[in-house]
Every structure is written in C-alpha cells, then in structure tokens.
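Visitor: mind folding the following:
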Amino acid sequence: MTEHTDVVIVGSRCAGSAAAITFANKGVRVIALDSAAFPSDTLSTHLFFPNHWAEIELLGALDRVRALGAPLHTHAGVGAPGVSLVGPYNPYGTLAAGACVRRPGLDLALVETARAAGAEIREHTRVTDVLFDASGRAVGVAYRRRDGTESIIKASLVVGADGRRSTVARLVGARAHHSWDNQRMMAFAYYEDPREDLRHIAMQWRNNDDLGTAFPCDGGQLVALLMPPVTRSDEFRADAQAAFDAGIARIPSLAERLEGCTRTSRVLVSYSHPSYFRHSHGPGWALAGDAGHFKDPVTAQGIRDALRFGRLLAEATAPHLDDPAALDAALADWERDRDEQCLAMYQWANGLGRGDTVSPIEFAAYRWLASQPGGPTELLDVFSRKRAPAEVFTVPRLVRWIRAAVHDPNVDGRGLLRTVRRDLAREASRAGEQRLFRLRRALSARRGGEVQPEQTSGASPRSGVSTGTV
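Guide: Presented below is the predicted three-dimensional model:
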C-alpha cells in the first residue's frame, strides 16, 4: 500500500514532535513514524534552562509539561573547592527558571500536543528506506510495522529526526562537516530526593578532573550525573556501580547533596558521544535535532535546540512544499541559520567537555564572578542563550583572571605559563574553525546549498577559560 502526505517525519521525540506540531498548526498534512511506543525513555541529561521553557511554550505544550510536576529551578550554579557560584536566572520569555524533566513524560507530552494539533504519530514503526525519484530527489519512505507488515509513504519532504545514529542520515549519505570526539564520558542514576530545601537548585561541582551534577526532577527524583574523563572508562566497564560510587566520593559536595537520598535506578553509562555538524539538507530531505547536529552534553542544550530547530524547520518550509526549488532554498537557509546560531555554543560545550583538571585561571574566574553582583546570573545567561560566551569571557576579564592567578602564592608559575600557552593555541584553533564555517556558508550560498562537506575532526573548541557550569 502506498500513502500520500505532505511531510513524513522519521522520529517523533523532541525535534520530530516540534516539527510535527508546527506543520500541523499550519494546516500541513504530516505523519511522524517512531520505532518506540510512548511513554518511552531515552538516554538524555534532560536539564532545562529558561529558554527550554520558551520553546515548549511556543509549541503549545507548556501546560502538559508543567503538569508532570518537575520542580522549577530558580537557582543554579557551580562549585569547586573553596568557591561556590550560585545565582538566580534571568527570565527568557515568561519563566525565569530551569527544570529537569524525565524523558518518558516529556516525550509523551510532546506527542500528545502533536496529535492534538492534527499530526498523525505512528508508534512501533521502523523506517527501512528513503525513496528517491529518477532525479535523486527524496520522495518518501518505506517502513515496517511491529507486526511485520510493510508500506510506503510518499511526501514532498522527508525529515530525519531520528537521533545521533540516524537511519535517514545514513540512507541519504549525509556526512559530518565538523566533529569533535568527546573527552568526558557520562554516567548517571536516579535517586529519591527528600531534600525539599534544595529542590529549587541545579548544581554542578568540579574537583580536579572530575565533574558531577545534581538535578532535581519530576516524580520526587533527582538525577546525579558524573562526567569523568574517558580515561576512566575501563573502571565503569568493569563495575559501573562501584566506579559511580567512587566518582561521587571524589566530589565531597556532591556526596553531601546525596546524603539521605536513595538510589532508585541502575547506573546508565555513555562512553562515546562525539559532537558534530552534519550536512543536514538535500533535495526533498532534511535532518533535525541530533540527526543533524549534536553538541557535548555538558551544556545540556540538545533538547532546546531540537525543539527550536524542529519548529523553525517547519516554519521555513511549510509555505514551499508544492515548489521543489523554493523548498530546497528554504532548507539551505534553515541549515545555515541553525549552524550560525549553534556554532558558539558548540565550541564552548566542546571546551567545557575537555578532560582537563580545573586550572588556576578557572579558579580565578569562579572567585571573581562569585564576587560580582549578578555574576552567577550573567554566567547562567550563556546557558539560556541570552548572551554569547564571548560576552562573558571577554579578553579584559581573561587578563584579569590570569593576573589573579599569577599573584596567587599557591599557583605554580611554570604550570600557569603552560596553561596560558595551551589556551592561546586552543583559541587560535577555535578562530580557525569559525573561519571554516564562514567559508562553508559562502560556498553554500554561491552554489545554491550544494557544497561538498569538509571534514575537520581535529578542530578545536573554545579555549580561554574552560569554565565548568551547569
């Protein structure tokens, strides 16, 4: 059997549901296919900042997501030995708070919102092929249901919103044009959290090369996340629970936060999660969410970007589904806009995700920001995307922090000099990566979006002060 619709979306979690909601609200016929059945869990840090809430509100899903009962984080911050940097959020839209919403409830709320808007969401359905016409244009998908029956959907636009291991990306031959291997792994577990006095605060702590977080979430739970250097992977492969407990013990403030909490889940681990930009559009197809772009999870931006650029994809393309040339031009503009909006955070996330120990410059930055009125909030604005990283980590401030480290009697001068040289080299690589992006955009515009993607797996992320924050 062959069906016909305007848009077919592969994957219906954050990016897929956001696109489906927006298409349906514009009167577009849309079918989204997902191999899962909702509610369904998926590996995710699922931390929100105020800009996450703004995207959920724009999609009309705010009431459904708020009804899940996740406590609002009115404050957030970072701690390191001898310093604590905690403050309130500035508003982004109608909310000046973050949250941590577990994926089964969040994804179901988005799917229900899409269905209420008129989108058709089909579960237990796996896409097996992307269909092309004689000119090489994507014109639909083939899929298999859980009962083994197979069918075809023809559409003007095929959207792959099926995650990092995207089937659509593989079938259309999409390649990464920038990538960065993760230097930190992830391990996390859920706890029953009776600490009502602390459930409004999301925290991250740094100690030597360890990084750990505590995010209160819905269901009376808290998720504790460790991001040790990947060099500790063997410890987790040998005994994940013992390695997790040892990691918590190495971060005294995290261990103190978990006192009185009871673990309710097994330890979940991700060893490999490289960040990348993929070439995300072609004739009749596009890649949304993690299928097209993924940044290091240390900044917890994936859900927000999936929601935002799933929505913007639908807004950009809905008027052009009957005009292939105009549709392809809109897809090219959408991808360039996504890359431009995401590059600074991608580079900063890669910098924060390095397996470095806390440097003297970073300590100086923590101490200075903690001493400034509004300093913690200014830093949180970067994560809410109200400020670019370069607006907070300015050259004059970096000079001030280096000077403070020089005058710290506990800092080894030679080690500090090595750190400064290292960071200058990283900054040069970061600037070079930005130039590659500008060149790619110029070539893409000149050639109508058809440009061979260049591979830059060694490109360096932002250096300067690799300041760990929530």
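Visitor: show me where the stretch 201-350 of the chain has helices.
Guide: Under the criterion DSSP state H, counting those that start in this stretch, helices of the stretch 201-350 of the chain are mapped to 233-238, 240-249, 252-257, 302-317, 324-352.
Visitor: check the stretch 51-200 of the chain too.
Guide: With DSSP H, counting those that start in this stretch applied, the stretch 51-200 of the chain shows helices at 62-66, 103-117, 167-172, listed in chain order.
Visitor: just for the stretch 201-350 of the chain, where's the confidence low?
Guide: Low-confidence segments of the stretch 201-350 of the chain, defined by pLDDT under 70: none present.
Visitor: just give me the longest helix of this protein.
Guide: Identified as the longest helix of the chain according to DSSP state H is helix 413-446.
Visitor: packing partners of it?
Guide: Counting by 3 or more C-beta pairs under 8 Å, 6 or more residues apart in numbering; DSSP states H and E, the packing neighbours recorded for helix 413-446 are strand 176-180, helix 324-352, helix 360-371, helix 395-406. All C-beta spots, glycine's among them, are computed from the backbone N, C-alpha and C.
Visitor: wait, which of these is closest to Ser40?
Guide: Closest to Ser40 of these, according to C-beta to C-beta: helix 324-352, at 26.1 Å.
Visitor: re earlier: quick one: closest of the helices of the stretch 51-200 of the chain to Ala37.
Guide: For the helices of the stretch 51-200 of the chain, distance to Ala37 was read as C-beta to C-beta. The smallest value, 9.9 Å, belongs to helix 103-117.
Visitor: picking up where we left off before, what angle sits between the longest helix of the chain and helix 395-406?
Guide: Here helix 413-446 runs at 160 degrees with respect to helix 395-406, directions being taken by axes from the mean of the first three to the mean of the last three C-alpha atoms, to 10 degrees.
Visitor: now do helix 413-446: distance to the chain's middle.
Guide: Distance of helix 413-446 from the chain centroid (C-alpha atoms, centre = their mean, to the nearest Å) equals 22 Å.
Visitor: just want the angle from that helix to helix 324-352.
Guide: Calculated by the same axes, to 10 degrees, helix 413-446 forms an angle of 180 degrees with helix 324-352.
Visitor: before we move on, the earlier item: turn the helices of the stretch 51-200 of the chain into a markdown table, columns for distance to Ala288, mean pLDDT and mean neighbour count.
Guide: As requested, those are exported to a markdown table (distance: least, C-beta to C-beta, whole Å; pLDDT from 0 to 100; neighbours: other C-beta atoms under 10 Å):
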| stretch | distance to Ala288 | mean pLDDT | mean neighbour count |
| --- | --- | --- | --- |
| helix 62-66 | 19 | 97 | 18 |
| helix 103-117 | 13 | 98 | 22 |
| helix 167-172 | 10 | 97 | 21 |
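Visitor: out of those helices, nearest to Asn25?
Guide: Among the helices of the stretch 51-200 of the chain, helix 103-117 sits nearest to Asn25 (C-beta to C-beta), with 5.2 Å.
Visitor: give me the neighbour count for Ser371.
Guide: Ser371 has 10 neighbours, counted by other C-beta atoms under 10 Å.
Visitor: tell me the mean pLDDT for the longest helix of the chain?
Guide: Per-region confidence: helix 413-446 scores 86 on mean pLDDT.
Visitor: in that helix, what counts as buried?
Guide: Neighbour counts using 16 or more other C-beta atoms under 10 Å place 416, 419-420, 423, 426-427, 429-430, 433, 437, 440-441, 444 of helix 413-446 among the buried residues.
Visitor: next one: stretch 397-409
Guide: Arg397, Leu398, Trp401, Ile402, Ala404, Ala405.
Visitor: hmm, who's touching that stretch?
Guide: Residues external to stretch 397-409 that are found in contact with it (C-beta atoms under 8 Å, 6 or more residues apart in numbering): 360-361, 363-365, 367-368, 411, 413, 416, 420, 464-465.
Visitor: could you flag which of those residues are buried?
Guide: Pro360, Ile361, Phe363, Ala364, Ala365, Arg367, Trp368, Val411, Leu416, Val420, Gly464, Val465.
Visitor: roughly how far apart are Gly98 and Ala176?
Guide: Between Gly98 and Ala176 the computed distance is 30 Å (C-beta to C-beta, to the nearest Å).
Visitor: what's the answer for Arg387, then?
Guide: Distance check for Arg387 against Ala176: by C-beta to C-beta, it reads 28 Å.
Visitor: more neighbours, these two?
Guide: Ala176 (21 against 15).
Visitor: what's opposite that one in the beta bridge?
Guide: Here Ala176 sits in beta bridges with Arg278, going by DSSP bridges.
Visitor: just to revisit the earlier point, tell me what angle the longest helix of the chain forms with helix 360-371.
Guide: Using the same axes, to 10 degrees: helix 413-446 against helix 360-371 is 80 degrees.
Visitor: mind starting the numbering at 51 from now?
Guide: New numbering, starting at 51: the last item is helix 463-496.
Visitor: so helix 463-496 versus strand 226-230, what angle?
Guide: Taking the same axes, to 10 degrees, one finds helix 463-496 and strand 226-230 inclined to each other by 170 degrees.
Visitor: hmm, back to that, distance to Gln397 for the buried ones among the contacts of stretch 447-459 - can I get that in a markdown table?
Guide: Compiled in a markdown table, those are given as follows (distance: C-beta to C-beta, whole Å):
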| residue | distance to Gln397 |
| --- | --- |
| Pro410 | 22 |
| Ile411 | 18 |
| Phe413 | 22 |
| Ala414 | 22 |
| Ala415 | 17 |
| Arg417 | 25 |
| Trp418 | 22 |
| Val461 | 27 |
| Leu466 | 24 |
| Val470 | 19 |
| Gly514 | 10 |
| Val515 | 13 |
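Visitor: dump the residue contacts of the nearest residue to Asp346 once chain neighbours are set aside.
Guide: Closest residue to Asp346 in three dimensions, ignoring its sequence neighbours and counting by C-beta to C-beta, 6 or more residues apart in numbering: Gly403, at 3.7 Å. Applying C-beta under 8 Å, 6+ apart, one finds that Gly403 lies in contact with Asn232, Gln233, Arg234, Met277, Ser325, Asp346, Pro347, Val348, Pro511.
Visitor: and the furthest pair within those?
Guide: Top of the distance list for the contacts of Gly403 (C-beta to C-beta): Met277 and Pro511, 15.1 Å.
Visitor: neighbour-wise, which of the two wins?
Guide: The neighbour count for Met277 versus Pro511, taken as other C-beta under 10 Å, is higher for Met277 (27 against 23).
Visitor: could you report the distance from that one to Phe238?
Guide: Between Met277 and Phe238 the distance, using C-beta to C-beta, works out to 9 Å.
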